[in-house]
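# Turn this into a structure:
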Amino acid sequence: MKRPEKEAQVQMIKEKLAEAQTVILADYRGLTVEEMTELRKKLREAGAELRVVKNTLAKLAAKEAEIDALESHLSGPVAMAFGFDDPVAPAKILHTFAREHKNLELKAGLLEKRLIDRKEIEALAALPTREVLLTQLAAAMVGPLRNLAFVLSAPIRNLGYVLEAVREKQQAQEA
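As a prediction, the model looks like this:
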């Protein structure tokens, strides 16, 4: 690779490091081309991207992006998964894929520019998806409002019960 191509690669990696909410490093030794294609497709569907990078270029890009934490993990064959929209999606996909394909080994990553290890990646993968979390948040917000409406409607409801009981009593007395 000639120098201009290397500089373009470094710039591209630097930009992706700056844009990504999540970056996960994985050792892909032993995966077939078909498996890598399948993994790339799954990540792309989730709004993420997988790149096989040269370690020296990735180290230069990380240094330029002022992310020194990655340097010690950039050894051997490295694939970088960049998550742009949902920080949990790449972790979920890579963790699931690594369980199904023993040749994929998760190394480390970045979450909001903070270094995370393999255990933290697994914990991130165990989180519910963004949609599920938003649904849970909405339910948590609606619950107290529903309870308040129920409590506020109780006096009116009880008045209705009392009036119905009075009406039934009057009908019974008239008959």
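# Give me the neighbour count for P77.
Residues near P77, counting by other C-beta atoms under 10 Å, number 13. Yep, even glycine has a C-beta here, placed from its N, CA and C like the rest.
# How about L115?
16.
# Ok, L104 next?
L104, neighbours per other C-beta under 10 Å, totals 21.
# Then Q11?
Q11, neighbours per other C-beta under 10 Å, totals 14.
# And the strand or helix carrying it, what does it pack against?
If you go by DSSP states H and E, Q11 is part of helix 3-19. In terms of contacts (3 or more C-beta pairs under 8 Å, 6 or more residues apart in numbering; DSSP states H and E), helix 3-19 is packed against strand 48-53, helix 55-64, strand 78-83.
# which of those sits most buried?
Of the helices and strands packed on helix 3-19, the one with the most neighbours on average (mean count of other C-beta atoms under 10 Å) is strand 78-83, at a mean of 23.
# got the angle for whatever helix or strand comes next after that strand vs strand 78-83?
Once strand 78-83 ends, the next helix or strand along the chain (criterion: DSSP H and E) is helix 89-100. Per axes from the mean of the first three to the mean of the last three C-alpha atoms, to 10 degrees, the angle that helix 89-100 makes with strand 78-83 is 140 degrees.
# between helix 89-100 and strand 48-53, how many degrees?
Going by the same axes, to 10 degrees, helix 89-100 is angled at 70 degrees with respect to strand 48-53.
# ok, now how distant is the closest residue to A108 other than its chain neighbours from N103?
Using C-beta to C-beta, 6 or more residues apart in numbering and skipping residues adjacent in sequence, the residue nearest A108 is H73, 4.4 Å away. Distance from H73 to N103, counting by C-beta to C-beta, to the nearest Å: 18 Å.
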